[in-house]
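**Student:** sequence plus predicted model, see below.
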Amino acid sequence: MEAAWLAERIGDPSARGIAAALTALIREGTVTAQTRLPTVRGLARELGVSSGTVAEAWAELRKHGMIRTERRRGTVVLGPPDVPRPIRYERIGHFGDRLAIDLAIASPDAALLPPLEAALVAAAGADGLNDYTRETITPRLRAAVEPHWPFPARGWLAVGGGYEGVQLLCQTTALPGDRIAIEEPTAARLLDILETIGVQIIPVACDQDGPVPAALARALRARPVAFVYQPRGQSPCGHAVTPERSAELAALLERSATLIVEDDGIGELSVSPTVSLGTRFPDRTVLVRSYSKSHGPDLRIAVVGGAADAVERVRVLRSFGTGWTSRILQDTLAHLLGDPEVRERVGHAREVYAARRARLAAELAARGVPTGGRDGLVLWVPVRDEPAALVTLAAHGISVAPGSRYVVEPASRHHLRLATARLTDDPDELAALADVIALAATGGPGVSAAP
């Protein structure tokens, strides 16, 4: 396609206008799939705009699956617009339906979840049901969670899971082009969320105690509108922030106006205490605590508590859609949280998950494969070659998550993420599993993986 031909058909030379004009041409079939588009610089010259304006339009089209940039062919048309997809998350562990051991998805062990029947019956008989009053959080649920919140929250909201809470906070805080600082590696779904919102991702390196202060200091120089991190049970690395590290991070954040979003993804299953920056910055910290893995994925419940203005923005955005989370589900969780037998059951599950993770880590360490981390439901396993390791494990009927899905840019060292919540408790089976993982990690027996 000639740049001049396309420029003639663009009435509004803004980024939005360029994207809209090309979208219309693709939809009506004037521009077909596999058409090679002009260069960014060439179209910018014809339109009399900056290259950045055209690049922004291309980014919007790319987000909706209409174009793709290839090294040799340049930018080509794929077809009409599609909904943005969580590409990283959708590509985790897809090696067919015949794999016998699923270590790709960090889902809880159903045998360790509390029964829901009594809690659902109690919640279904509560007062105030079937009322269109938009209740951000039921009194029973707030009473159940507030005493255990790590700092005084001025805003409260129940949402449909932890990732929805984090997504809505980012979406209502950042405009396209804004910067958000995040841990690296971090959750694949978080990267998908931020790319869909259209923000610039500023990675912050981590070690065993959480975000590295020097890395956060560099990120803050870019003036991010938010800093999103996991204070404990971090996925994929399994670190937990210590009080000492939290104090170092707080000293850096003291001089910024950045919103702090804390993602407590495994909540009560974590073996580490909650160390929250909200104790230092209650007016600009929001904690998102999920109860899916501890009390049941089908509850679809997370609680958002913290800075009033940030929580209010999320409430307003939700009013366009669901408006509020089911009061039945909220009070079901409240009942579970207040039941001594359920608390004992969750405590038992926490111990079982920690033991399973520790046993596999020890087995791998004995085979020359260090993993690190001390909390969570996953292991971050270094491997010599990611694609080869994935193929080796798949050939043995094992699916895992490729580490490349958890980083912003290609990493110098390869990793796999292994879910540990549903591991076997049979020592012989676990040893055999560790043998295969070590083989995949090292590329052969007796060869140590990179640390």
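**Tutor:** On my side now, so go ahead.

**Student:** and stretch 322-331, average pLDDT?
**Tutor:** Mean pLDDT, stretch 322-331: 94.

**Student:** residues of the longest helix anywhere in the chain that come out buried?
**Tutor:** The longest helix of the chain (DSSP state H) is helix 340-366. Buried residues in helix 340-366, counted by 16 or more other C-beta atoms under 10 Å: 342, 345-346, 349-350, 352-354, 356-357, 359-361, 363-364. Every C-beta, even on glycine, is put in place using the N, C-alpha and C of the backbone.

**Student:** after it comes which helix or strand?
**Tutor:** strand 378-383 (DSSP states H and E).

**Student:** hang on, the earlier thing: between the longest helix of the chain and strand 378-383, what angle do the directions make?
**Tutor:** Per axes from the mean of the first three to the mean of the last three C-alpha atoms, to 10 degrees, the angle that helix 340-366 makes with strand 378-383 is 10 degrees.

**Student:** how far does the helix or strand hosting residue 59 sit from the chain's center?
**Tutor:** Using DSSP H and E, residue 59 maps to helix 51-63. With C-alpha atoms, centre = their mean, to the nearest Å as the basis, helix 51-63 stands 25 Å off its chain's centre.

**Student:** could you do stretch 67-82 as well?
**Tutor:** 27 Å.

**Student:** what's the first-to-last distance across it?
**Tutor:** 11 Å (C-alpha to C-alpha, to the nearest Å).

**Student:** what mean pLDDT does it have?
**Tutor:** Stretch 67-82 comes out at a mean pLDDT of 84.

**Student:** buried set for that stretch?
**Tutor:** For stretch 67-82, by 16+ other C-beta under 10 Å, it's 67, 75, 77, 78, 81.

**Student:** show me how the chain divides into domains.
**Tutor:** 3-77, 87-110+342-442, 115-338 (automatic domain parsing).

**Student:** most tightly packed of those?
**Tutor:** Ranked by mean neighbour count under mean count of other C-beta atoms under 10 Å, the domains of the chain are led by domain 115-338, which reaches a mean of 20.

**Student:** mind checking the end-to-end distance for it?
**Tutor:** 14 Å.

**Student:** from the chain's centre, how far out does that domain sit?
**Tutor:** 11 Å.

**Student:** identify the residue spatially nearest to residue 143, adjacent ones excluded.
**Tutor:** The shortest distance from residue 143 to any residue other than its chain neighbours is 7.3 Å, reached at residue 334 (C-beta to C-beta, 6 or more residues apart in numbering).

**Student:** what's the spacing between that neighbour and residue 246?
**Tutor:** For residue 334, the distance to residue 246 (C-beta to C-beta, to the nearest Å) stands at 29 Å.

**Student:** ok, now how distant is residue 169 from residue 264?
**Tutor:** 13 Å.

**Student:** mutual contacts of these two, please.
**Tutor:** residue 288 (C-beta atoms under 8 Å, 6 or more residues apart in numbering).

**Student:** okay, which residue is most central for the chain?
**Tutor:** What sits nearest the mean C-alpha location of the chain, by C-alpha atoms, centre = their mean, is residue 190, with 3.0 Å.

**Student:** for the residue lying closest to residue 73 once chain neighbours are set aside, what are its contacts?
**Tutor:** Computed as C-beta to C-beta, 6+ apart, the closest residue to residue 73 that is not its neighbour in sequence is residue 36, at 5.9 Å. Neighbouring residues of residue 36 by C-beta under 8 Å, 6+ apart: 1, 73, 74, 75, 76, 77.

**Student:** for the fourth one, give me its contacts.
**Tutor:** Contacts for residue 75 (C-beta under 8 Å, 6+ apart) come out as 36, 37, 39, 40, 58, 67, 68, 69.

**Student:** at 6 Å what do you get?
**Tutor:** Residues in contact with residue 75, defined by C-beta atoms under 6 Å, 6 or more residues apart in numbering, are 37, 67, 69.

**Student:** please apply the same query to the first one.
**Tutor:** With C-beta under 6 Å, 6+ apart as the criterion, the residues that contact residue 1 are 35, 37, 38.

**Student:** please produce TSV containing the residues you listed, extended by distance to residue 295 and pLDDT.
**Tutor:** Formatted as TSV, the contacts of residue 1 follow (distance: C-beta to C-beta, whole Å; pLDDT from 0 to 100):
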residue	distance to residue 295	pLDDT
35	51	94
37	50	95
38	54	95
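
**Student:** which member of those is positioned nearest residue 225?
**Tutor:** Nearest to residue 225 among these is residue 37, at 31.6 Å by C-beta to C-beta.

**Student:** excluding chain neighbours, what is closest to that closest one?
**Tutor:** Using C-beta to C-beta, 6+ apart, the nearest residue to residue 37 is residue 75, at 4.5 Å.

**Student:** and the one you found, what helix or strand is that in?
**Tutor:** Going by DSSP H and E, residue 75 is in strand 74-77.

**Student:** low-confidence ranges in this protein?
**Tutor:** For the chain, applying pLDDT under 70 flags the ranges 83-99, 444-451.

**Student:** just give me the longest strand of it.
**Tutor:** The residue-count maximum for a strand in the chain (DSSP state E) belongs to strand 200-207.

**Student:** show me what secondary structure element comes after that strand.
**Tutor:** Following strand 200-207 in sequence, per DSSP H and E, is strand 210-211.

**Student:** what lines up beside that following strand in the sheet?
**Tutor:** Paired with strand 210-211 in the same sheet, following DSSP bridges, are strand 200-207 (antiparallel).
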